[in-house]
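Q: any chance you can model this:
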Amino acid sequence: MAAVREPASLENLRVLYHSDDYIVVDKHWDLRIDSKMWFCHQLDFSTSGALCVALNKAAAGRAYCCFKDRTVTKAYLALLRGWVEEENRTIDFSIGKTSTEGKTHMMCIEGTEGCENPKACRTELSVLEYGTYDGEPPPKCFWSLSPLRVHCSAVGYPIVGDFTYSLGTDDAPYRMMLHAHLLRLPLEPHGLQVTAADPFLPTVDPKWLPQRTLRTAEGAVAALLDG
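A: Presented below is the predicted three-dimensional model:
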């Protein structure tokens, strides 16, 4: 597992799925992939996990329709600052782009000064574990839908290591603790479903010390897919 802490490079990307039409890789945190490939979706520079690339134009079109029609299932793992009281929570603030000077690279919730063109968004949160990170009490959470960073910051539980939405104050962790864990596309004739292994383990980062487990990531994925 120590390889997860290695510097990012295209050479150490792990392939999760490969067919004639698609390849899904476990993207490294802090890896920017600038390419003319057909990316089916995006992950932030600081986010790790499952990233799908189409290998031809027709496959890209089929994947695009899944995202446009909102039939894709995505779920993330994250460590959050603070103590989340509710073990399950829905966050449904509308999200837009901010026009505030110095923050135009950020998103914002409706009602925030400078928030433009907000659109309906929903995040479902489930707490997996309670523990501490570097002495502070964050939980490990399982999120479905998005946008995670904006929603969790808005409710007072920013992601550990999120330099952008902490306005530059949370710079001690070696990475932002957000990981794209599950990706499912209902493609025809065969669907695509992958999971990228949980990187938030004490064997990877000993500053994360889980203390109480409520559910496993595998159990949360099964419940999401069954629902």
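
Q: residues contacting the nearest residue to Arg14 once chain neighbours are set aside?
A: Excluding the flanking residues, the one nearest Arg14 by C-beta to C-beta, 6 or more residues apart in numbering is Asp26, at 4.3 Å. Placement of C-beta: from N, CA and C, glycine included. Shown in contact with Asp26 (C-beta atoms under 8 Å, 6 or more residues apart in numbering): Leu13, Arg14, Val15, Leu16, Ser48, Gly49, Ala50, Leu51, Ala196, Ala197.

Q: which strand or helix spans Cys65?
A: helix 57-68 (DSSP states H and E).

Q: in its sheet, what does the helix or strand just after that helix sit against?
A: The element immediately downstream of helix 57-68 (helix or strand, assigned by DSSP H and E) is strand 73-79. Applying DSSP bridges to the sheet, strand 73-79 is found paired with strand 139-146 (antiparallel), strand 178-185 (antiparallel).

Q: ramachandran angles for the residue in the chain sticking out farthest from the centre?
A: In the chain, the residue that sits farthest from the middle, by C-alpha atoms, centre = their mean, is Pro189; the gap is 27.2 Å. Backbone geometry at Pro189, expressed as degrees, to the nearest 10, gives phi -90, psi -10.

Q: and the residue nearest to Phe45 when sequence neighbours are not counted, what helix or strand is that in?
A: Leaving out its chain neighbours, the residue that sits closest to Phe45 by C-beta to C-beta, 6+ apart is Arg32, at 5.3 Å. Assigned by DSSP H and E, Arg32 falls within no helix or strand.

Q: pretty sure Arg32 sits against Asp44.
A: No - Arg32 is beyond contact range of Asp44, at 9.9 Å (criterion: C-beta atoms under 8 Å).

Q: please name the bridge partners of the residue lying closest to Gln211 once chain neighbours are set aside.
A: Spatial nearest neighbour of Gln211, excluding adjacent residues (C-beta to C-beta, 6+ apart): Gly131 at 4.7 Å. When bridges are called by DSSP bridges, Gly131 pairs up with Pro210.

Q: and Gly131, what does it touch?
A: Per C-beta under 8 Å, 6+ apart, neighbours of Gly131: Pro137, Pro138, Pro139, Lys140, Trp208, Leu209, Pro210, Gln211, Arg212.

Q: if we use 7 Å, what do you get?
A: Lys140, Trp208, Leu209, Pro210, Gln211 (C-beta atoms under 7 Å, 6 or more residues apart in numbering).

Q: confirm for me that the residue nearest to Phe45 is in contact with Ser46.
A: No - contact criterion C-beta atoms under 7 Å: Arg32 and Ser46 do not qualify, at 9.9 Å.

Q: picking that back up, tell me which of Arg32 and Asp44 has more neighbours.
A: Using other C-beta atoms under 10 Å, the more surrounded residue of Arg32 and Asp44 is Asp44, with 18 against 10.

Q: for this structure, just list every one of the helices.
A: 57-68, 148-154, 217-226 (DSSP state H).

Q: of those, which stretch is the most buried?
A: helix 148-154 (a mean of 23; mean count of other C-beta atoms under 10 Å).

Q: show me what that one is in contact with.
A: Contacts for helix 148-154 (C-beta under 7 Å, 6+ apart): 76, 78, 80, 91, 93, 95, 107-109, 123, 158-159, 162, 165, 178.
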